[in-house]
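Q: Quick one, what's the 3D model for this:
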Amino acid sequence: MVLNYARSEENARRINGSEVMVYGGVPVSRVIKIGKRWVFSLCFLQADLLESFNFLITRLFLLRLRRTIFKSQIQKRRRLPYPTLRLRPGRDIVLKSGHPWLFSGAVHSVEAGIRPGEIVRAVSGDGQVLGLGFYHPKGDIAFRLLTQDGGREIDRLFWRERIESAKGIRDVCIPPDTDAFRLINAEGDRLPGLIADRYAGILVVSFQTLGIENHRDTILGILGEICGPGAVYERSESRSRRQEGLRDRTGWLSGTPPRETIRIRENGLNFEVDVVGGQKTGFFLDQRPNRQLVRTLSQGKTVLNCFSYTGGFSVYAAAGGAVRVVSVETSKNANTVAAVNLEQNGYSDGDHPIVAGAARDARKQVRILQALGPGPDHPVLLAHPEGGYLKGLLLSVGDA
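A: Alright, predicted model coming up:
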């Protein structure tokens, strides 16, 4: 029975022409030299039977402990690596640049048995690990990157760190007189497929892919711990869900549902939001900085707000000192909410009429004054310009 290795020759001595291991002056084991290593073997008991036996038991215990630890480490290593998705030659530049998507044409092969929505390890054609992410064979996007750290375990700690990071950004960038904002912006917060919007004490969540859907319970639990919402409403409605075989799902998940609308505060102004039936998750949170810009430009002006929805820009224009605001919107329900929003901020619907209709094209001279986009609660990865969906222009329009 081989018990261990001797690290040096000093523990091995010659007794009566044989190389043995000596413990406390007592020979306890025959020693065989294999290459540069001294191998203990065939433990034998001599002068001090008890001491030799204790030494043997100690050696056996340490050997068993070492084997147990080694076996545990091997099992853990076998659990951590995820199934492999191999890219075609030359397609690795996409993930190396930080872009979070791979389309199906970039995939060379995947391991057998991988389930749609499963976390996989993406490797280049030459075997270089590029990162971990969600795989789906049927969607437009075959792979959605979670992390470029191929050795990271995607566990509860991973999700918590990502959500806490997203919340930390909002804690810094959201104005103190604002209680409605986007908390998690999918790829922009390195959480592909997950949207979470905060409306005062209400959290509205959307799981837009099968991959993120598979971790739904864990994520909802962490959001509850970190954000402590009074209620959570789900609006998982998207084309990407349907592409990946998921049905749309909506409904209250926890807490006490509010009345028909929720009152929020944005830059000191009040708005009613319908998170159940309203567009997007209830309000165009991404337009907050653009509404504020209109507020700064409206003093003494006449403002036409086309496609006004619930009157966000109209309220800001009135707050900025506009002498007249006209809101154009075809939805009767949206017009009703817009009138309420104007009234609760101290402005009369009579002074700022809401008109159902559409504007006609006209030949005008147009100058671009400023390019517009979303606020900092809608971050976009530098390597993922597709995430910057909101684009607008501040124009100066005059006669040709």
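
Q: ok, so what distance separates the closest residue to Ile264 other than its chain neighbours from Lys332?
A: Among residues not flanking Ile264 along the chain, Ala180 sits closest, at 3.9 Å (Cβ to Cβ, 6 or more residues apart in numbering). To be clear about C-beta, it is placed using only N, CA and C from the backbone, and glycine gets the same treatment. Separation of Ala180 from Lys332 (Cβ to Cβ, to the nearest Å): 24 Å.

Q: Between the two, which is the more surrounded one?
A: The neighbour comparison of Ala180 against Lys332 (other Cβ atoms under 10 Å) goes to Ala180, with 22 against 8.

Q: picking up where we left off before, what score does the residue nearest to Ile264 have for pLDDT?
A: At Ala180, the model reports a pLDDT of 96.

Q: Is it bridged to anything, and to what?
A: On the basis of DSSP bridges, Ala180 is bridged to Tyr199.

Q: hang on, isn't it packed against Arg265?
A: Yes: using Cβ atoms under 8 Å, Ala180 is in contact with Arg265, at 7.2 Å.

Q: joint contacts of the two?
A: 200, 271 (Cβ atoms under 8 Å, 6 or more residues apart in numbering).

Q: okay, the residue most central in space within the chain: pLDDT?
A: For the chain, Leu191 is the residue whose C-alpha lies nearest the centre (Cα atoms, centre = their mean; 1.6 Å). What the model reports as pLDDT for Leu191 is 97.

Q: hey, where'd the helices end up in the stretch 151-300 of the chain?
A: Assigned by DSSP state H, counting those that start in this stretch, the helices in the stretch 151-300 of the chain fall at 156-173, 210-213, 216-227, 239-243, 288-297.

Q: Pass me the low-pLDDT residue ranges in the stretch 301-400 of the chain, would you?
A: 348-369, 383, 386, 389-391, 393, 395-400 (pLDDT under 70).

Q: ok, 50 please
A: 356-360 (pLDDT under 50).

Q: cool, and the stretch 51-200 of the chain?
A: 74-80.

Q: ok, which stretches of it are strands?
A: 84-87, 101-103, 107-110, 119-123, 129-135, 141-147, 180-185, 194-199 (DSSP state E, counting those that start in this stretch).

Q: Just list what the last one packs against, helices and strands only.
A: With contacts defined as 3 or more Cβ pairs under 8 Å, 6 or more residues apart in numbering; DSSP states H and E, the secondary structure elements packing on strand 194-199 are strand 180-185, strand 202-207, helix 216-227.

Q: now the first one against strand 202-207, angle please.
A: Strand 180-185 runs at 30 degrees relative to strand 202-207, counting by axes from the mean of the first three to the mean of the last three Cα atoms, to 10 degrees.

Q: With the last one instead?
A: Note on geometry: by the same axes, to 10 degrees, helix 216-227 and strand 202-207 are set 150 degrees apart in direction.

Q: Output the contacting helices and strands for helix 216-227.
A: Applying 3+ Cβ pairs under 8 Å, 6+ apart, one finds that helix 216-227 contacts helix 156-173, strand 194-199, strand 202-207, strand 231-236.

Q: So which bits of that helix are buried?
A: By 16 or more other Cβ atoms under 10 Å, the buried positions in helix 216-227 come out as 216, 219-220, 222-223.

Q: angle of that helix against strand 194-199?
A: Counting by the same axes, to 10 degrees, helix 216-227 lies at 30 degrees to strand 194-199.

Q: just how off-centre is helix 216-227 within its chain?
A: From the chain centre to the centre of helix 216-227 is a distance of 12 Å (Cα atoms, centre = their mean, to the nearest Å).

Q: mind listing what the nearest residue to Lys167 once chain neighbours are set aside touches?
A: What sits nearest to Lys167 in space, not counting adjacent residues and going by Cβ to Cβ, 6+ apart, is Ile226, at 6.0 Å. Neighbouring residues of Ile226 by Cβ under 8 Å, 6+ apart: 160, 163-164, 167.

Q: ok, Ile226 to Ser104 distance?
A: 35 Å.

Q: Number of residues surrounding Cys173?
A: Neighbour tally, Cys173, other Cβ under 10 Å: 12.

Q: So the residue nearest to it when sequence neighbours are not counted, which state does it fall into?
A: Closest residue in space to Cys173, ignoring its immediate chain neighbours: Pro376 at 4.0 Å, by Cβ to Cβ, 6+ apart. For Pro376, the assignment made with DSSP: H, G, I helix; E, B strand; the rest coil gives coil.

Q: Can you give me the neighbour number for Pro376?
A: Neighbours around Pro376, by other Cβ under 10 Å: 14.

Q: now swap in the one 4 residues further on and tell me
A: The local packing of Val380 (other Cβ under 10 Å) involves 17 other residues.

Q: can you tell me the helix or strand for it?
A: Counting by DSSP states H and E, there is no helix or strand that carries Val380.

Q: Need phi/psi at it.
A: Per-residue torsions, Val380: phi -130, psi 130 (degrees, to the nearest 10).

Q: And it, how far from Pro100?
A: 11 Å.

Q: can you check Arg91 too?
A: The gap separating Arg91 from Pro100 is 14 Å, by Cβ to Cβ.

Q: what does Leu304 give?
A: Going from Leu304 to Pro100 by Cβ to Cβ gives 39 Å.

Q: Between these two, which has more neighbouring residues?
A: Between Leu304 and Pro100, counted using other Cβ under 10 Å, the more crowded position is Pro100 (24 against 16).

Q: Can you name the residues bridging to the residue nearest to the more buried one when sequence neighbours are not counted?
A: Leaving out its chain neighbours, the residue that sits closest to Pro100 by Cβ to Cβ, 6+ apart is Leu145, at 4.1 Å. Beta bridges link Leu145 to Gly133 when assigned by DSSP bridges.
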